[in-house]
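Participant: Here is a sequence together with a model predicted from it:
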Amino acid sequence: MTVLVTTVDPESLKELLSHHSASSLVDQFGRHKHKLRISLTDRCNFRCNYCMPDQPDWLAKKDILSFEELLKFATVMVGMGIRHIRLTGGEPLMRQGVVHFIQSLSELKKIGLQRISMTTNAYYLKKYARALKQAGLDDLNISLDSVNASTFLKMTQRPLKPVLDGIQAAVDAGIPVKLNCVIVAGQNAHEIVELTQWAYQHNLPLRFIEYMPLDAPSNWQADKVITEDQIIGNLAPYFRIEKQQRLNDPATIYQLSPLFPHESATLKSPFELGIISTISKPFCQTCDRLRITATGELFTCLFANSGTAIRPLLQQANSALLQQVILQAVWHKKAGFIAQQQAPVRKISMHAMGG
């Protein structure tokens with residue numbers, strides 16, 4: 001059954017934006033928020049051990065925000081300064097009706113939204129790529145921890161081919177793609193060069209992500225972290241590497257070109273590599289992101305111990321109160337991992353929080 005999401009009618013939209021049409025989302029450290037990550041579901045068909053518990057306890061459908069609630073929240077947030085929305089999960093393509101929801105979000109571009117993105121494991125992307133493009137999706141981040149079928153299977157418990165097919169379908173549909181790879185010592189760290197060369201050959205920007213203590217601090221081990229400097233050290237014998245000036249992107253950006261061009265005729269230049277180094281070089285001072293969980297909790301930081309319950313407010317007509325609660329939650333956002341340097345203590349897992 002197809003789930004349709006209606007757009008907010010003009011009168012409701014006017015009411016939603018009337019109280020804080022000129023407000024900005026800013027915290028006590030002066031960091032302005034322009035990006036919102038929306039978790040559509042906690043369900044995922046992968047079992048990546050850095051994200052998913054061994055025995056996940058899935059949320060009941062009644063406990064997940066409806067698309068109508070999410071659209072109302074997104075509309076309010078765009079009115080308060082959000083310019084970029086990213087849909088996450090779990091795996092967002094497991095949520096029925098996601099294409100229609102993107103169509104509804106696209107209407108918010110009339111009032112200030114600039115970009116709609118999605119983070120996906122790409123397993124179902126071949127089926128949805130063209131529809132996502134037509135609905136108004138602007139770009140994709142695709143999780144790809146290895147291009148070696150054996151390594152990929154060990155890390156995700158799923159085959160690699162559907163993911164590669166999904167990546168190709170997105171490229172064919174004209175959707176800009178970036179690849180995300182979590183590097184874990186003893187699992188895929190030996191494939192840093194191989195994955196970089198593969199991404200380079202396919203002209204797909206790549207982001208390496210340091211292994212973070214997000215869900216099971218008792219299982220997380222610091223010696224499994226491969227740092228930004230170690231990643232660059234692995235690549236240095238093969239590429240000329242130029243570090244770029246850092247902006248608000250969570251990744252440090254590098255431009256790569258072949259160190260020996262005559263040996264790399266198939267490589268296109270330049271190539272963009274990013275490294276998200278939360279552990280070795282925290283970047284909290286430039287954070288411009290907020291996130292809402294599938295159950296309607298607003299988290300101002302990925303490492304926060306708790307969020308702010310938003311769903312009850314979405315079910316009321318008092319949009320002024322909703323905006324006030326959001327502004328207060330954002331204002332009290334803490335410094336982040338850069339200050340606490342430890343895993344959060346909370347019941348919610350990363351697969352339900354959203355990336």
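Facilitator: All right, it came through fine.

Participant: now the helices: where do they sit in the stretch 201-350 of the chain?
Facilitator: With DSSP state H, counting those that start in this stretch, the ranges of helices along the stretch 201-350 of the chain come out as 228-235, 311-314, 319-331, 337-340, 350-353.

Participant: would you turn those helices into JSON lines with mean pLDDT, mean neighbour count and distance to residue 111?
Facilitator: Every residue, glycine included, has its C-beta placed from N, CA and C. Written out in JSON lines, the entries for these read as follows (pLDDT from 0 to 100; neighbours: other CB atoms under 10 Å; distance: least, CB to CB, whole Å):
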{"stretch": "helix 228-235", "mean pLDDT": "97", "mean neighbour count": "18", "distance to residue 111": "38"}
{"stretch": "helix 311-314", "mean pLDDT": "95", "mean neighbour count": "17", "distance to residue 111": "18"}
{"stretch": "helix 319-331", "mean pLDDT": "94", "mean neighbour count": "17", "distance to residue 111": "14"}
{"stretch": "helix 337-340", "mean pLDDT": "58", "mean neighbour count": "16", "distance to residue 111": "33"}
{"stretch": "helix 350-353", "mean pLDDT": "57", "mean neighbour count": "25", "distance to residue 111": "27"}
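
Participant: possible to save those helices as a markdown table with distance to residue 222?
Facilitator: Supplementary listing: these in a markdown table, determined by distance: least, CB to CB, whole Å:
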| stretch | distance to residue 222 |
| --- | --- |
| helix 228-235 | 13 |
| helix 311-314 | 36 |
| helix 319-331 | 31 |
| helix 337-340 | 14 |
| helix 350-353 | 18 |
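
Participant: looking at those, which is closest to residue 74?
Facilitator: Shortest distance between residue 74 and the helices of the stretch 201-350 of the chain, using CB to CB, is found for helix 311-314: 10.7 Å.

Participant: which helices and strands does the closest one pack with?
Facilitator: With contacts defined as 3 or more CB pairs under 8 Å, 6 or more residues apart in numbering; DSSP states H and E, the packing partners of helix 311-314 are helix 67-79, helix 319-331.

Participant: Name the residues of the first one that are buried.
Facilitator: Taking 16 or more other CB atoms under 10 Å as the basis for neighbour counts, the residues of helix 67-79 that come out buried are 67, 69-79.
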